[in-house]
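# have a look at this prediction, sequence included:
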Amino acid sequence: MENSLPSSEFVIEEQFQQWLSDASLRFQYLHPHIEISTEGNSVRLTGTGADDPGIKREFQFCLYRQKIFEQTLPLRTMLIEGVTGVARRTS
């Protein structure tokens with residue numbers, strides 16, 4: 001008898017592809033018991049609890065969080081430079 005682990009598979013929209021590897025790394029840290037495999041825009045989560053809809057939601061949250069982090073990094077850098085008086089801007 002084969003003992004297969006629970007898994008779920010879903011598609012990531014193309015607009016989120018550039019953040020997929022960083023989000024996968026963050027998710028793997030939070031859920032070390034779940035294996036992540038990607039192929040194209042398809043993501044498969046395998047392991048204990050991987051078929052739980054909440055796990056898919058958490059992965060998508062990691063992906064969205066990574067997108068927001070990278071898109072707001074220049075603004076946060078500018079704010080910190082302004083507050084600390086350190087400016088690397090060119091005139």
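Alright, I've got the coordinates.
# middle-most residue in this structure, spatially?
Centroid check for the chain by CA atoms, centre = their mean gives Ala23 as the closest residue, at 1.8 Å.
# now it: which helix or strand?
Using DSSP states H and E, Ala23 sits within helix 20-30.
# packing partners for that helix?
strand 34-39, helix 53-84 (3 or more CB pairs under 8 Å, 6 or more residues apart in numbering; DSSP states H and E). The way it works is simple: take the backbone N, C-alpha and C, and place the C-beta from them, glycine included.
# could I get these as JSON lines with distance to Ser8?
Listed next are those as JSON lines, based on distance: least, CB to CB, whole Å:
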{"stretch": "strand 34-39", "distance to Ser8": "10"}
{"stretch": "helix 53-84", "distance to Ser8": "6"}
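# and Phe16, that's in a strand?
No: assessed by DSSP: H, G, I helix; E, B strand; the rest coil, Phe16 does not belong to a strand; its assignment is helix.
# once you drop chain neighbours, what's closest to it?
Nearest residue to Phe16 in three dimensions, chain neighbours excluded: Leu63, at 5.5 Å (CB to CB, 6 or more residues apart in numbering).
# residues contacting the residue nearest to the centre of the chain?
With CB atoms under 8 Å, 6 or more residues apart in numbering as the criterion, the residues that contact Ala23 are 59, 62-63, 65-66.
# ok, now Val43?
9-12, 20, 24, 36-37, 59.
# narrow the residues you listed to just the buried residues.
Buried by 16 or more other CB atoms under 10 Å: 12, 20, 24, 36, 59, out of these.
# fine by me, we can end here.
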